[in-house]
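Undergrad: mind looking at a prediction? Sequence and model below.
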Amino acid sequence: MSVHRGRHFLQIPGPTNVPDRVLRAMDTPVIDHRGPEFARLGQEVLEGLKAIFQTRSPVIVFPSSGTGAWEAALVNTLSPGDKVLMFETGHFATLWHRMAKGIGIEAELVPGDWRHGVDPAAVEARLADDRSHAIKAVAVVHNETSTGVASRIGEIRNAIDRANHPALFFVDTISSLASIDYRHDEWGVDVTVGGSQKGLMLPPGIAFNAVSEKALAAAKSARLPRSYWRWEDMLANNQSGFFPYTPATNLLYGLREAIHMLLEEGLPAVFARHARLAEATRRAVRAWGLEILCLEPREYSNSLTAVLLPDGHDADRLRRIILERYDMSLGTGLGKVQGKVFRIGHLGDFNELMLAGTLAGVEMGLRLAGVPHKSGIGAALAYLSEEATADARET
Ligand code: PLP
């Protein structure tokens, strides 16, 4: 293994690059998590998070990875044997389904091809069929990190309403929050699941549930066993900025800084930056002559792009060559698409020149790995320059 100089390129779709400002904010002595200084920090982050989730409802913070927040959404609102409707959009939707079944929920997984998001018409049809309202919740992954497909959450909400069905609506935003527009209140979501390590630009280690009034009401009668994940104790302690058990104090310092950074830039600008960098990536992929895994342009993910390699070429070999030669980590293919796709993460603390370096690394790697392709980076750079020229004209 050769020695590398300069910064490692961490271009997996999360954990993402942590900005220096966030690193500095966390580089501080641990304080008493039951003291007055902590209460101010707690209150500030709990309030600030509402802007990020676009909600007025409480956002609960767990010291856990995203998987824990999935479990919290289920165990706080459901009872043994409850029916939940889920959709096989990719690896993460499949894992959430497996968890639901494992904890005693009767979870139905509508099959999918891993190249499309959740079809709102399928949601409507399935719920319209459920005349007895046996389905207690619909759970979808907003941005499937394994495929680079983003489901249309607002349209799914409308589909639930058209079916006139009372099911709770759960959405996993682990790889979309603070990268792709997401509106907890406007889209009538009951539990939004989030994580720290992607669009929020923090290290892994904290995860979130944004909870609606309807979800809180469901929690009163839900009978699945819960203790660590119990919302009630959290919310009671959160009133004064505290937590029922030891919080991830220094990650919360980082979270405070990350929220400041996101609100300084403004969420619309954050989403526009992700959209621009994603579009540039897709232009490069097409110019290389490679295929984007997502087949529906309305569902292209702005946080990552999964790229299919031609038959006979191993995507993990390509990733290995790029890591060894250029010191860049790209996302591996997960589950069904292992070895067939690699994933370019373009989310979080990320800009045009970082993308140019990323695409250059992929292009040189394709050449080294002997994957047939044409030059593609020029198409991305031309698009980024056009966008910059248009912005300059507007200002
Ligand atoms: N859901 C999605 C969409 C994810 O991308 C991930 C992780 O990448 C998870 C759930 C699981 O989160 P964690 O690995 O933080 O437990």
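TA: The structure has been received and is ready for your questions. Just so it is clear, the model here is predicted, and its values are computed rather than measured.
Undergrad: contact residues of this structure facing the ligand?
TA: 14, 65-67, 92, 141, 145, 172, 174-175, 195, 204 (Cβ under 6 Å from any ligand atom). Where you see a C-beta, it was placed from the backbone N, CA and C, and this is true even at glycine.
Undergrad: quick check: next helix or strand after the longest helix along the chain?
TA: In the chain, assigned by DSSP state H, the helix with the most residues is helix 267-288. Later in the chain than helix 267-288, the nearest helix or strand by DSSP states H and E is strand 291-292.
Undergrad: pLDDT score for residue 11?
TA: Per-residue pLDDT puts residue 11 at 98.
Undergrad: ditto for residue 1
TA: Confidence for residue 1, expressed as pLDDT, is 59.
Undergrad: contact partners of the longest strand seen in the chain?
TA: Ranked by residue count under DSSP state E, the longest strand found in the chain is strand 135-141. Residues outside strand 135-141 that contact it (Cβ atoms under 8 Å, 6 or more residues apart in numbering) are 73-74, 77-78, 82-87, 89-90, 92-93, 96, 100, 107-108, 118, 123, 126-127, 151, 153, 156, 160, 165, 167-172, 174, 190.
Undergrad: just the buried positions in the longest helix of the chain, please.
TA: Using 16 or more other Cβ atoms under 10 Å as the test for burial, helix 267-288 gives 270-285, 287-288.
Undergrad: same deal with stretch 232-242?
TA: 234-235, 237-238, 241-242.
Undergrad: who's in contact with that stretch?
TA: For stretch 232-242, contacts defined as Cβ under 8 Å, 6+ apart pick out 33-34, 38-43, 46, 58, 60-62, 219, 243-244.
Undergrad: in its sheet, which strands sit next to the longest strand of the chain, and in what direction?
TA: strand 83-87 (parallel), strand 168-172 (parallel) (DSSP bridges).
Undergrad: burial count for the residue of the chain found nearest the ligand?
TA: Nearest to the ligand in the chain, going by Cβ to the nearest ligand atom, is residue 66, at a distance of 2.8 Å. Residues contacting residue 66 under the criterion other Cβ atoms under 10 Å number 25.
Undergrad: burial count for the nearest residue to it once chain neighbours are set aside?
TA: Of all residues not flanking residue 66 in the chain, residue 195 sits nearest, at 3.6 Å (Cβ to Cβ, 6 or more residues apart in numbering). By the criterion of other Cβ under 10 Å, residue 195 has 28 neighbours.
Undergrad: please begin residue numbering at 48 from this point
TA: I'll keep to 48 as the first residue from here, and by that count the last item is residue 242.
Undergrad: next one: residue 126 from residue 107, what distance?
TA: Per Cβ to Cβ, to the nearest Å, residue 126 is found 20 Å from residue 107.
Undergrad: quick one: which of those two has more around it?
TA: Legend: neighbour count by other Cβ under 10 Å for residue 126 and residue 107, higher for residue 107 (24 against 14).
Undergrad: where's stretch 245-259 relative to the chain centroid, distance-wise?
TA: Relative to the centre of its chain, stretch 245-259 is centred 9 Å away, using Cα atoms, centre = their mean, to the nearest Å.
Undergrad: quick one: buried residues of it?
TA: Within stretch 245-259, the residues scored as buried using 16+ other Cβ under 10 Å are 245-250, 252-259.
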